[in-house]
Structures are given as C-alpha cells and as structure tokens.
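Asker: From the sequence below, what's the structure:
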Amino acid sequence: MIPSHCRRALGVLVLAAALLAPRAGRAYEYSVEILVEDDDDVNQLYYDGEITEDERDRLLTLLLAKVDLNRATRDELYELPGFTWRIADAIIERRGKGGNIKTVDSIADIEGMTPEILAQARPFLTARSPEEERPYELVSKTGGIGRVNASDPAFYELLRARAYEHASAGVVVTARPMIGDIYGAAPGATLSAQAYETRPDLTHFYAAWDGPRIAALAGSYRVGYGLRLTLDNTRMSRPNGFIPNEGLYQNNLSGRLSPIDGFVGAIVKARYLPVARGWFELSTFGSWWDKDLYFTNVAYERGGGDPYIVDSDTGASIPYPTLRDVLRERIGGGNASYFLSRRIGVGVTGYYGDYKLNLDAPGVKMAVSSRYPEDRTTFGAVGFNARAGFGPVDSAAEVAVNDRGAPAVLAVAWYEPTARLQLIPSFRYYSPSYDNPYARGEADLDKYLGNMARDELGGRVRAIYKATRWLRVMAEANLWHGENPPYYDDNGQVVGTTGGGAKNNLKGLLRVDFRPTAKEVIAVWGAAHDKDLAHGGRGLSYADGSGMRWYYAVMARTTRLKRFTFAVMFKHIFEDTTAFTDRFDQTWYAWARVNLALRGTQIAARFQYYDQYIDPLPARTRNGRECDFEDAGFAGDPVPASCRGESYTSFFVQARQRLWSGAAAKLRVEWQHFTDDRAKWRPLDVPGPPRDEVLIKGYFVAQF
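Answerer: This next block holds a predicted model:
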C-alpha cells in the first residue's frame, strides 16, 4: 500500500499535469537552450549551473560520437536537444523511402523542425552516405589545458580510425598530474605515495566491429539498457547497447583533465535477429579493470589529526588526492530483448560484480559517500523493461531488483499529439536498500549514500507548450518522499542515519521564451527545491537536507548584427543556511557574451561577475563557525568576512579556426581576478590562493 501522504503527492502531480497540458506545445528535454560548438561550451553551461552533471555527460558523449542521420535509431535521435519522437520518426521515414539524407541542413523542412531546434542539434549531427564513404578515415585530436600559475598542465591525444564502414579503433593517451603508486601502511599510519607530477597514462583504448547483425568491442566501453534502472554508464537517457569510451572531462575551474569512467573488457551484441514478427537482440559483456577513486570515496581509519596521504619523499601532506588504481572491479552481465517494432519491445538485463581495494593498509574500506555498497564487496541487479508506443503516446517502464532483494521501479510516458506539444509524466520508486552503483534514474538525480536516485517514492511531470511563433513555455513539477534510513558498516550493523528522518521533497521549474522578432529572444526562468515540506522559515540548511533553494534568471540574445551574436544573462540565487535566521543567503552572477562567425573562423568573448554571499563549503564553516560570533566583514556588510564567499570577475576569449578541409585549431584564454584578499583563503589553498588566475587550453584536430 502506498502511504496516504504519497497518494496525496501523486494526486497533486496528476492535477499539475492536467493544468499544464495545453492544446499545443513542443519537446524540449533540457531546461536551457543548448547552443554550443564544442566541449568548452558544454562545460561552461555546467559550471554556470545551467545543466546537470548527467546532462553535461550526455552532451559530451553526443559531441564526441556524433549522431548519424542515416544510421541512428529512434532513441538516439531523441537524445538530441529539442528533438521529439515525432521528429525522430520523420527522419527515419524519410531515409526509409530509398534515399539517404545528404546533409544535416536537408532535414530543415521536416514537420516540427525549426531553425532554433536545428541550431541546437547541428553540432551533434552528421550525415554519412554509404555510397560516398571513403574506405578508411583517421581523426587525430591533440589538446592541452592548464593554469599559468601552476606547474602541472595536462595534455591529451585522441586517435580514432574507421575502415570499410564497420571496423573502428581508438586510443586516448593523456599526460596529466597524478600521484604515484600508493604504498602500504601499518595499522593507523598515514598512507604515502609519490607526489603529484605530470605522468603519462593510456587512458582509453578499443577496437570495434559495428556490423548489421553483429557488433563487438574489446577495450574501453560504456553500456546501458532500458531506462537505466538496472545498468547504465553511457549517460544516455534511452540506451540500448554499448558505445566506445573515449571521453575526457576538462575542468575549466581547476585546469585539470580526467577520464570519463566506464568499463574495460569485451562486449558482443547480436541484433536484428529476425523472427516471424519482429526481431531479437542479445548482448553479453565482461569487465575487469583497476580504477581511480577520489579520496573521499575511500574511508581510512588512521591516527587522529594525521594527514590522509603524504609525499613518500618529503612527508608533506598531499591535498585532495585522486588515488590511482585503488579499486579492482570485476563485472559480467548481459541483455536479451525482443522488439515487435521500433516502438514496442521488452527486455531483460542482469549483471553481477565485485570489487577489491588495492590498498595494503588495515582500516581501509569504501566510504559511505561512495556509490558502491558500504556493507559488502559484491553487487548486482536484474531488471525487466518494456516500451510501447501508439499514435501520439510513447511509454516505457523498468522494474529491477538488486542482489540483496531490494526493488526499484521507473515508468515514463511521452504524450505528443502535435508537433507543438509534449507532456512527460513519470513515476519512480527506489528502495532505500537499492544500492545499485550502476543505476541512473532519469526522473531525478537526488543522491542517498552515494547512489543516484536512491530512497525515493514520487513522480515528475514536465510540459512544453509552444503557444505561438514567438512564445514558448516549459514547466516542471517534481515531488517525492524519502525515508532517509540508517546506513551500515561492513558487518551489516547500523552505524548512523542520514538526513534526520522521512521527508517530502518538492522541485519546480518554469521557463518562458519570448521571441519578439526572428533575431531576438528573451528568456526568463526560475526553479525552487524544498527539501522538507513539513518545515519552513529561516535557520534551516539546504546543504544539510532541511531547507530551501530557489533562483530566477533572465537572458537576452540578439543576432541583429550580421555575423554577430550578443547575449547577456543575470541569475540570482536564494538559499537557506543556518548562518541566517531571518532571511535567505543570496548569491548572484551576471555575464555578457559576444560571438563572431566569419568564413572558417569563430571568435567568442565573455565577461562575468560572480558574488557569493555565504561560503557553502563545509570545510570553511564547520566547527560552529556559523557567522554569528565573529567580527563583521566589509564596511556596511552584515556578513563577517571570514564567512563570506569569494567574489571575482572573469573574462575569456576563444577562437576556432578552420585550417583546411577536416582540420581546425582552437585556443581559449581565461583570466579570473578575485576582488577580495582575505586571510581566510590562504590556509586552505596550497601553496596559497593567487588573486589572479589564467587558464589556457586548446586543441588541434585533423581528419584524414
């Protein structure tokens, strides 16, 4: 039986769906427009807080792999920004009439396609015609990133080769700051390793065959199925198989480079195996690899006050380390699916794995904050998924059980009666004990004990309405109940609780895009998240799980001047913090950006001012430092200087130049100037906080 308060919550969602469902609308999966050219632009959206980590990873994957209009499945087309099921079906229907899609721009006349949607999707698309393909292709991308005031830049080389349509191979080699091998320690002693220095690393590698009936890969890959409830690390919303893992994160804040996590081993998929009606697809995979972990994911019981890990040569503490090859993970599994059509099908997915920490030190174990189970070294799940689509309605659901017998359920529907409307309701239930490290539910990305969307019962509804040529509205309501139960030690004993008991969470989003002319757009949007509907008032903490956070933002953009795009944005954030008992904490930022597009050249520049009110980092406000007993800070500022967050201005300029057919170079320089110089920052940054930082990054890519 569903508790009464949850029935009421679901009732509210149903009512919201009815109120939000107008006569016409259009799909728009992302909460902001995705106008990007490369990974720099995607990362900027993420660091500005405009897209989630999951959306960033999805967009980076799409940029790297590209979606081929002549080969992509219905699910793969739907991943593209602004695309709907109706657009995906129209593309498949067009190429099925005997001709290939020659260019990306040739889909501009498809029903529901607009210049705005095509502009968003173009960087992620390609249109390869089989009869025009060369027998081989080689792509090389060489790049680097680093801060001028640091001595540890990072570099990468990506090579990808394709031969005779179905064969491909790739390798990614990096040279980046990493610590050395970790040395064992006596009970309670500090771990040690060679300190950070730029070290070479074979980061990703693979060889693959992508045939019409058999697809196989050996090396680095990511895999997922269904609604991602049982197994997924592809970062796609509707995965059905594997993709080569070639991805890298480039952190524009720290100047660091890191690989996107995945599996290393082998996978084989048999697809389009015909039967009397429909077809079968079968997959099996295995992975055995040593992985890096950030130090917060590994708990180490050592002497009180001792450093976590020190330089084996000097004995100095190594700050914020990523531990190399500390997790040995072994996984095996597979999927069997039957499809009656591209809209109707069922599937079963299962996997099982274990892990071992490669650290020779007593007292080392997986931390509670890790996504891996905190009370055992084995894990796995099995799940059943189904999809069905008829007319304007598509639906999908998945039910899964993990290795300890805990269940999870996710169901989603898409209602698209016209090219101008989409309504997306979803329902989810994650048992508190569903500690599946490879579940990535799409409805919400709330975390409990390191796992995505664990410990929830709730639902979400999203509606997109294209009222007229110049007005579009998107709204979302997301309501769920969380139990916040105990967590356990290695012996299965309760050692603590998280979040202080059961809570009802509410998220809401509203965005309005106004286009007064074909060359101007004004967007206004806002979002709110209340982590406990039973409580209100100030003196709460959003970070600790009992308060509220909301924001509003305004953006305006014009292309009135030929070849120029000019945009400005302002965002104002309000957040509960225990530092204030009578008002919200406030943070705001504003930026202005200009883009210039010439023949073969693209130049962009952006200026930003950022003002953080209360510093939210626990490391700087713990031990009772709640700003209520310290001296006041800046003149006229009610917030003490030691508790106020950083304020800075930043400016970047970047240029991308096409050199010849298939070759281009990119350079980006960013300067960040901190507008305050307080002693509170000096002990917390090593070797001390520079007041000015300069980031340089770039790449050269060539196709042969």
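Asker: What number of residues are in the vicinity of Glu281?
Answerer: Applying other Cβ atoms under 10 Å, we find 20 residues neighbouring Glu281. Quick note: C-beta positions are derived from backbone N, CA and C, even for glycine.
Asker: what bridges to Ala655?
Answerer: Under DSSP bridges, the beta-bridge partners of Ala655 are Ile603, Leu667.
Asker: correct me, but it touches Thr601?
Answerer: Yes. Using Cβ atoms under 8 Å, Ala655 is in contact with Thr601, at 7.0 Å.
Asker: Shouldn't Gln120 be within a strand?
Answerer: No. With DSSP: H, G, I helix; E, B strand; the rest coil as the criterion, Gln120 is helix rather than part of a strand.
Asker: how close does it get to Val412?
Answerer: From Gln120 over to Val412 the distance is 22 Å, taken as Cβ to Cβ, to the nearest Å.
Asker: quick one on the thing from earlier: for Ala655 and Thr601, indicate the residue with more neighbours.
Answerer: The residue with more neighbours, out of Ala655 and Thr601, is Ala655; 16 against 13, by other Cβ under 10 Å.
Asker: so what pLDDT did that one get?
Answerer: Looking at Ala655, its pLDDT reads 95.
Asker: those helices in the stretch 101-250 of the chain, which residues are they?
Answerer: 115-121 (DSSP state H, counting those that start in this stretch).
Asker: Actually, the chain.
Answerer: With DSSP state H as the criterion, the chain has helices at 4-20, 39-47, 53-65, 74-78, 85-95, 115-121.
Asker: Not counting its neighbours along the chain, what's nearest Glu55?
Answerer: Ranked by Cβ to Cβ, 6 or more residues apart in numbering and with sequence neighbours excluded, the top spatial neighbour of Glu55 is Tyr30, at 6.1 Å.
Asker: Check which residues of stretch 211-223 are buried.
Answerer: For stretch 211-223, a neighbour-count test (16 or more other Cβ atoms under 10 Å) marks 215, 217-223 as buried.
Asker: I meant stretch 332-348, not that one.
Answerer: For stretch 332-348, a neighbour-count test (16+ other Cβ under 10 Å) marks 333-339, 343, 345, 347-348 as buried.
Asker: Same list (these) but as TSV, adding pLDDT and distance to Lys697.
Answerer: Listed next are those as TSV, based on pLDDT from 0 to 100; distance: Cβ to Cβ, whole Å:
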residue	pLDDT	distance to Lys697
Gly333	97	37
Gly334	97	40
Asn335	98	38
Ala336	98	44
Ser337	97	41
Tyr338	97	47
Phe339	96	43
Arg343	92	43
Gly345	96	43
Gly347	97	41
Val348	98	44
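Asker: for the residues you listed, which one is nearest Arg606?
Answerer: For those, the minimum distance to Arg606 (Cβ to Cβ) is 42.4 Å, reached by Arg343.
Asker: and that closest one, what does it touch?
Answerer: Arg343 makes contact with 74, 387-390, 394 under the criterion Cβ atoms under 8 Å, 6 or more residues apart in numbering.
Asker: Turn the buried residues of stretch 332-348 into CSV, columns for distance to Arg147.
Answerer: Converted to CSV, the buried residues of stretch 332-348 look like this (distance: Cβ to Cβ, whole Å):
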residue, distance to Arg147
Gly333, 41
Gly334, 44
Asn335, 43
Ala336, 49
Ser337, 47
Tyr338, 53
Phe339, 50
Arg343, 50
Gly345, 49
Gly347, 46
Val348, 49
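Asker: Once you drop chain neighbours, what's closest to Asp325?
Answerer: Asp290 is the one closest to Asp325 (Cβ to Cβ, 6+ apart), at 3.9 Å.
Asker: residue contacts, the one you found?
Answerer: 325-329, 358.
Asker: Which PyMOL command selects the buried ones in those residues?
Answerer: In PyMOL, selecting the buried portion of the contacts of Asp290, with burial taken from 16+ other Cβ under 10 Å, looks like this:
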select buried, resi 326+327+329+358
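Asker: Same list (the helices of the chain) but as JSON lines, adding mean neighbour count, mean pLDDT and distance to Arg583.
Answerer: Below are the helices of the chain laid out as JSON lines (neighbours: other Cβ atoms under 10 Å; pLDDT from 0 to 100; distance: least, Cβ to Cβ, whole Å):
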{"stretch": "helix 4-20", "mean neighbour count": "15", "mean pLDDT": "36", "distance to Arg583": "28"}
{"stretch": "helix 39-47", "mean neighbour count": "19", "mean pLDDT": "84", "distance to Arg583": "27"}
{"stretch": "helix 53-65", "mean neighbour count": "20", "mean pLDDT": "86", "distance to Arg583": "30"}
{"stretch": "helix 74-78", "mean neighbour count": "20", "mean pLDDT": "89", "distance to Arg583": "43"}
{"stretch": "helix 85-95", "mean neighbour count": "19", "mean pLDDT": "87", "distance to Arg583": "45"}
{"stretch": "helix 115-121", "mean neighbour count": "18", "mean pLDDT": "87", "distance to Arg583": "38"}
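Asker: Could you dump the ones you listed into JSON lines with distance to Arg235 added?
Answerer: Listed next are the helices of the chain as JSON lines, based on distance: least, Cβ to Cβ, whole Å:
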{"stretch": "helix 4-20", "distance to Arg235": "26"}
{"stretch": "helix 39-47", "distance to Arg235": "12"}
{"stretch": "helix 53-65", "distance to Arg235": "4"}
{"stretch": "helix 74-78", "distance to Arg235": "13"}
{"stretch": "helix 85-95", "distance to Arg235": "19"}
{"stretch": "helix 115-121", "distance to Arg235": "17"}
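Asker: mind listing the strands for the stretch 601-704 of the chain?
Answerer: Using DSSP state E, counting those that start in this stretch, the strands of the stretch 601-704 of the chain run over 601-612, 647-660, 663-674, 692-703.
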